[in-house]
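Predicted coordinates and the sequence they were generated for:
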Amino acid sequence: VRRLRVQLTVLLALLGLLVVAWGATIFLGAHDAARTNASLLSTVDRFDDLRRRSAELGRSFVTIESCRRVYLLTGGPATYQAQLGAERRAKQLFGELRKLAGVWPELAPVVEQLAGDYRSWLRAGRTELRARHEGGAAAAARIAAGGLAERRFQRLHARQAALDERLATLQTTTGRSQGRGFRTAQTLALRTATMVLAAVALIAFYLRRAVGAPADALRSASGRLARGDLDTPVELGVENELGAVAVDLETMRRRLAGRMEALERLRHLSAQVVGATSLQRLAEVALAGLRPEVGSTRAILGVVRRGGQLRLRALAGFPDEGVADDIVKADAEIREVLPLTALRTGQVVGLADLDQVARSETLRGLVARMGIRSLALLPLSSRGRFLGLLALCWTERHPLDREQEALLGLAGNQIAGALEAALRLEEAERAAGEARAVFYAIADGVLLTDPFGRVTAMNRALEALTGWTEADAYGRPYGDVLPVSGEQLLTRYGRKVPVVVSSAPILDPGGRVVGGVDVIRDVSREREIDEVKSALISTVSHELRTPLTLIHGFAELLVLRDMPVERQRSASEEILEASRRLARLIDDLLSVSRMESGRLVLDPRPLDLAAVVERMLSPFRAMANRHTLRAKLPGALPVVWGDPDKVEQILTNLVGNAIKYSPEGGEVLVTIEHDGDSVQVSVRDQGIGMSPRDMGQLFEKFYRVDRDEVRRAGGTGLGLYITKRLVEMHGGRIWAESWPGVGSVFAFTLPTSSELAGSRGR
Amino acid sequence: MKLLIADDEPAVRALVHVTLEGDDYEILEAADGLEALEVARGESPRLVLLDIMMPRLDGLEVCRQLKSDPETSGIVVVMLTAQAQERDRDQGLAAGADDYFTKPFSPLALLNMVERVRQTQSQAG
């Protein structure tokens, strides 16, 4: 680049030289001219003086000659005096001539010749004069006759004429040289003017070319830039500072255009990522948008979950999605090398060579499986909250330059915004899904209506309750689907169901009613339970009061009445029996309560079932006089696991029932059979038996077969219920077979291994 | 005097028997509601002691039927029940019962009540 300053310096130096040369020329020319002119002028004057003096000298010569001749003739003193005066004048003129002619060397000899001739003439004249004086007039005449002086005068006169002529010639020559000097001056002036003009033109041309046009071009280029025209290149074609400015402007234009383009692409990316509703889609769109910018071919999206830990959420561009598992597995190691601190401050971090980062075996293997070489980590933060991380991957080495870093930083902001939206959407969808799941799964019927009372949704429970399907009910008036009057719901099929309805309006944030929700609880079960409970209380109350009545009544009679001894005895027996009944009832109730609350715990151990049966039967044998109690036991019984007290209670209940419900007596047979893993015990009687209808709820709480014999036999309705629960707690099962008037068989099983025993009771 | 004790619990019937023994009472027994109605209609006792919770027909219904029949409406009906709640008492009185005994009851109070009925009958007769 030739610097403008250098150019200007060179130009100015040239101009200076030019001016110096010019000045010198003018000075010299002027000097010369001045000198020439001055000499010319004086020469002309001299020539005039010379010619005048020469002429005067000529006249002096004539005077002197005349005077001499006269004197020679006359000898008159006046004439002589005049001659002397003339001589003095001539002498003076010669001095002046010599002085004047000194300038011209060629004139000096002429003058000196003239002076020589004059002197010789003068000498000749003087000789004649002396002759005159000495010889008188005759002598003088003789000498004069010689005519030397006269000849010399003639020669002098000729010489003087030659001088005159010479002077005239010289004068002409001098005039000619004066004209030549003028022409020289003219030429000089012309050349100077041309030179100055050329210099000015040169400067103008230079300024125009080097400064003016580029400045205009620069001005218009900067104007274009200012107006936002980034498409027209800035080009001056000059190689100076302005050219450099233009090159800078062009660089600026290119970078601005590049920025604008990047911004445009970012805007495009932003528009795309905003549309991404799932995290997977977001990762794909972000990768697709950034790939043309930075060349990355794969992307990993990690999101910070509630606990603050980064979790892999999406992969994009990986040929093998299976690496996701590998990444998750290497979670702890990855976290160690992730520059989380830098990321949390919002810095884009480029890892140009993963081989240097992945030091552990696991990470090296992971990087190899992922098939990547470089990473760029974009922190995704929104409103100061670190939401996650987008890792862009390159399959070959790729260090980030500053522009890419800046671009990725900006892109990160866009993606973070979209990520936040996507996460919020995900959260909202999850919440909506939960709400939907709750809505449909809830056991109470739920009905949603619009502000006009039309059905918009109903859940499964309400479908089951009303018989309407959600599709059929949709858009129908509330009252069609849910006709409730007096706490009773009329179902689609005409059944009446007791319900409790609670309703609430659904309000939008502005407090306007946008719908309604009705929760319909089917309370038929509660009603049933209420009824069962009140029946239970009534039964318990009855069962308690009857023995109490007997105890109270007979005791009062014993105290207040005189009675014969046998009557006293029977009254006491009644009291005793009633007390036993009361105690039994209370025991049963407590047993039920303990079993139902889970407080009854078995203590299983190996049992000799045959011994238990024999021990249980002996008190019955002692009391029963109308019944035959028999046990049929096999020779070799396996050890049975069970709680001895509870097993005895089971057997006592069943044998007691067998006796109680065979009022006519008969045989009660207890049989034990071994069958694989379990032992089966059955109690057979020859009593009143039961019809299949009676047996329906046989093992339920407080169930009593509705027959006189049963009523008369007394009981709490708890015995078989307790028995069944005990058998089941041992891991066995119980069942009954019966034929009215023939008898019943109650059978149950007990396990022979400890693993099964008691497994259900706890 | 003839009186009927209707209760499905034999021991209660025995208690009534022992209580009224030896006082010139002819005591009839019934183990359920239908039997009670049958005996009351056939034997026309002066007094019926009715348990409420009985098989086949409950005491309240027996009372209602006795009181609605002009033949038997003169019989004094006394309810005997294990149910002590107000509701049962009101139901009994609504069914036309003349008195109400709640189990457990005092045999002597029962005897006094029966005696009073016998005396009013003697005065009337």
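Sure thing, it's come through. What you see is a predicted model; the values in this text were computed from it and never measured.

continuing past the helix or strand bottoming out on mean pLDDT in chain B, what's the next helix or strand?
Lowest mean confidence among the helices and strands of chain B (mean pLDDT, DSSP states H and E): helix B:86-94, at a mean of 72. With elements assigned by DSSP states H and E, the helix or strand that comes after helix B:86-94 is strand B:99-102.

what about that following strand, average pLDDT?
Strand B:99-102 shows a mean pLDDT of 86.

which residues of chain B fall in helices?
Counting by DSSP state H, chain B has helices at residues B:10-20, B:33-43, B:59-68, B:86-94, B:107-124.

Near chain A, which residues of chain B are found?
Residues of chain B found near chain A (C-beta under 8 Å from any C-beta of the partner chain) are B:8-12, B:14-15, B:18-19, B:31-32, B:53, B:55, B:82-84, B:103-108. Any C-beta I mention is one placed from the backbone N, CA and C, and that applies to glycine too.

I'd like the average pLDDT over stretch A:401-419.
The average pLDDT for stretch A:401-419 rounds to 87.

now the end-to-end length of stretch A:342-356.
Using C-alpha to C-alpha, to the nearest Å, one end of stretch A:342-356 lies 18 Å from the other.

Identify the residues contacting it?
Contacting residues not belonging to stretch A:342-356 are listed as A:339, A:357, A:364, A:367, A:372-379, A:381, A:386, A:389, A:397-400, A:405, A:408-409, A:412 [C-beta atoms under 8 Å, 6 or more residues apart in numbering or on different chains].

May I see the PyMOL selection of the buried members of the residues you listed?
Restricted to buried positions by 16 or more other C-beta atoms under 10 Å in any protein chain shown, the PyMOL selection for the contacts of stretch A:342-356 reads:
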select buried, chain A and resi 357+367+372+373+374+375+376+377+378+379+381+386+389+398+400+405+408+412
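
Distance check, the residue nearest to A:Tyr474 when sequence neighbours are not counted against A:Ala435.
Take A:Tyr474 and drop its neighbours on the chain: the residue closest to it by C-beta to C-beta, 6 or more residues apart in numbering or on different chains is A:Val455, 5.9 Å away. Note on A:Val455: its distance to A:Ala435, by C-beta to C-beta, to the nearest Å, is 18 Å.

Of these two, give the one with the bigger neighbour count.
Per other C-beta atoms under 10 Å in any protein chain shown, whichever of A:Val455 and A:Ala435 has more neighbours is A:Val455, with 23 against 10.

List the neighbouring strands of whichever strand or helix holds that one plus their orientation.
Using DSSP H and E, A:Val455 sits within strand A:455-458. Sheet pairing of strand A:455-458 (DSSP bridges) gives strand A:445-449 (antiparallel).

residue contacts, A:Gly479?
Taking C-beta under 8 Å, 6+ apart, we find A:Gly479 in contact with A:Gly453.

can I assume it sits in a helix?
Yes. Assessed with DSSP: H, G, I helix; E, B strand; the rest coil, A:Gly479 lies in a helix.

And the helices of chain B, which one averages the lowest pLDDT?
Minimum mean pLDDT among the helices of chain B: helix B:86-94, a mean of 72.

In terms of pLDDT, where does the residue nearest to A:Tyr474 sit?
A:Val455 is assigned 92 on the pLDDT scale.

A:Leu423 now?
88.

and what of A:Gly515?
A:Gly515 is assigned 92 on the pLDDT scale.

likewise A:Asp248?
As predicted, A:Asp248 sits at a pLDDT of 88.

Could you do A:Leu40 as well?
For A:Leu40, the pLDDT comes out at 60.

picking up where we left off before, show me which of the contacts of stretch A:342-356 neighbour chain B.
Counting by C-beta under 8 Å from any C-beta, no member of the contacts of stretch A:342-356 reaches chain B.

Go ahead and measure how far the longest helix seen in chain A is from the middle of the chain.
The single longest helix within chain A, with elements called by DSSP H, is helix A:4-74. Chain-centre distance of helix A:4-74: 96 Å, with C-alpha atoms, centre = their mean, to the nearest Å.

any idea of the angle the helix or strand harbouring A:Ala437 forms with strand A:445-449?
Element membership for A:Ala437, per DSSP H and E: helix A:402-441. Inter-element angle recorded for helix A:402-441 and strand A:445-449: 120 degrees (by axes from the mean of the first three to the mean of the last three C-alpha atoms, to 10 degrees).

packing partners for helix A:402-441?
helix A:241-274, helix A:279-294, strand A:298-304, strand A:374-382, strand A:385-394 (3 or more C-beta pairs under 8 Å, 6 or more residues apart in numbering or on different chains; DSSP states H and E).
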